[in-house]
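Engineer: can you look at this prediction? I've put the sequence above it.
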Amino acid sequence: MTAGYGERWSQKLTWEELQTPHLQALIERARDEDLAAAGLERAVPYRFDVTSALLPRSTQGSFAAVAREELVVAGLQLVPLVIEAYGADCQWTPAVEDGTLATRGTEIGRISGSSRDILQLERVLLNFLQKLAGVATETHTYVQAMGTTPVRLLDTRKTTPGYRLLEKYAVACGGGWNHRIGLFDRVMLKDNHLAATGATQGKSLVDFVRTARERYPDLLIQVEVDRLEQIPPALEAGAHWFLLDNFSTPELREAITLIGGRAATEASGGITLERMKELAQLKLDFVSTGATVHQSRWKDIGLDWK
């Protein structure tokens, strides 16, 4: 890692980078599913919370959001947006920050005001917090398994449709780093791109990488390789970054030596929690996995009456 690619080409989404109208639209869709049968073809007799409507409007309460198991907190800044989407007469006071490792029983924050309003938004609010805490906690588990290392853990584009930015933000809360956000911010020549153009090796691969560099001089050019002999032609053409797909540990060592610090190295495919410590000891720049998102489990967060 003498070239320092991990530091040069890493990114972590911050909350300030997330577009508020995008988040509001996601929340409103969740609200309308719950209150107004949005997406359901058949007619329903009521389009509001029929149970909470039984409470007198004057009923006031205070509810604590509590971690019922150890978890990494993520998405707390969604709470005011949820309250706003419901037009709820209540206030939110956070007790911790995103990225906090909360032990069981930790109060994450408190919401006070109209009990009727709080009860109707409770489930949607917790759905967001539990889902994002799951991603952040799974990421934290992978990062901890790596130990002390300059190798950085990256996420992927394997995200829940509509939730990409939130899930990538949660990865950052858990101590991971973000790979490309979408198809727009990096040229990534994957196996199917190479196969579709017949550019899987030799001069054809050199030409394809050079074409990418000429077309997009301002973008990183990453090449996915699944065998060692693909590295020299892509390196010759000026690839900035290699995704080493499903390489064994001995193959990774050989690839790192072959690349020799002239491009960034990323191990991907077949990445398991049990393998993280071994990978962290190699002279890689990055390890990437979608497991921090698609293998994550919602964490248990409750809203308790106080």
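Structural biologist: Now that the structure is in, tell me what you want to look at. Residues are numbered from 1 along each chain as shown.
Engineer: do a quick rundown of the strands in this structure.
Structural biologist: Listed in chain order, the strands of the chain (DSSP state E) span 60-67, 71-72, 90-94, 101-102, 107-114, 152-154, 187-189, 221-225, 241-245, 264-268, 286-288, 301-305.
Engineer: adding distance to Gly39, write the ones you listed out as TSV.
Structural biologist: Backbone N, C-alpha and C define where each C-beta goes, glycine included. Formatted as TSV, those follow (distance: least, CB to CB, whole Å):
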stretch	distance to Gly39
strand 60-67	27
strand 71-72	30
strand 90-94	27
strand 101-102	34
strand 107-114	27
strand 152-154	34
strand 187-189	34
strand 221-225	37
strand 241-245	37
strand 264-268	35
strand 286-288	34
strand 301-305	25
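Engineer: nearest to Asn178, of these?
Structural biologist: Proximity to Asn178, assessed across the strands of the chain by CB to CB, is greatest for strand 152-154 (7.0 Å).
Engineer: give me the helices and strands touching the closest one, please.
Structural biologist: Counting contacts by 3 or more CB pairs under 8 Å, 6 or more residues apart in numbering; DSSP states H and E, strand 152-154 is packed against helix 115-146, strand 286-288.
Engineer: need these in CSV (columns: distance to Val187, mean pLDDT and mean neighbour count).
Structural biologist: Output for the helices and strands packed on strand 152-154, formatted as CSV (distance: least, CB to CB, whole Å; pLDDT from 0 to 100; neighbours: other CB atoms under 10 Å):
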stretch, distance to Val187, mean pLDDT, mean neighbour count
helix 115-146, 26, 99, 22
strand 286-288, 16, 98, 23
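Engineer: dump these into JSON lines; add distance to Thr249 as well.
Structural biologist: Output for the helices and strands packed on strand 152-154, formatted as JSON lines (distance: least, CB to CB, whole Å):
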{"stretch": "helix 115-146", "distance to Thr249": "15"}
{"stretch": "strand 286-288", "distance to Thr249": "12"}
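Engineer: domains in this protein, by residue range?
Structural biologist: Domains of the chain are assigned by automatic domain parsing as 15-136+297-305, 144-294.
Engineer: and of those, who's closest to Gly6?
Structural biologist: So among the domains of the chain, domain 144-294 is nearest, using CB to CB, at 4.7 Å.
Engineer: show the end-to-end separation of that closest one, please.
Structural biologist: Taking CA to CA, to the nearest Å as the measure, domain 144-294 stretches 18 Å from start to finish.
Engineer: check contacts around the closest residue to Leu153 other than its chain neighbours.
Structural biologist: Once flanking residues are discounted, Leu153 sits nearest to Gly176: 4.5 Å by CB to CB, 6 or more residues apart in numbering. Contact partners of Gly176, counting by CB atoms under 8 Å, 6 or more residues apart in numbering, are Thr139, Tyr142, Val143, Arg152, Leu153, Leu154, Asp155, Thr292.
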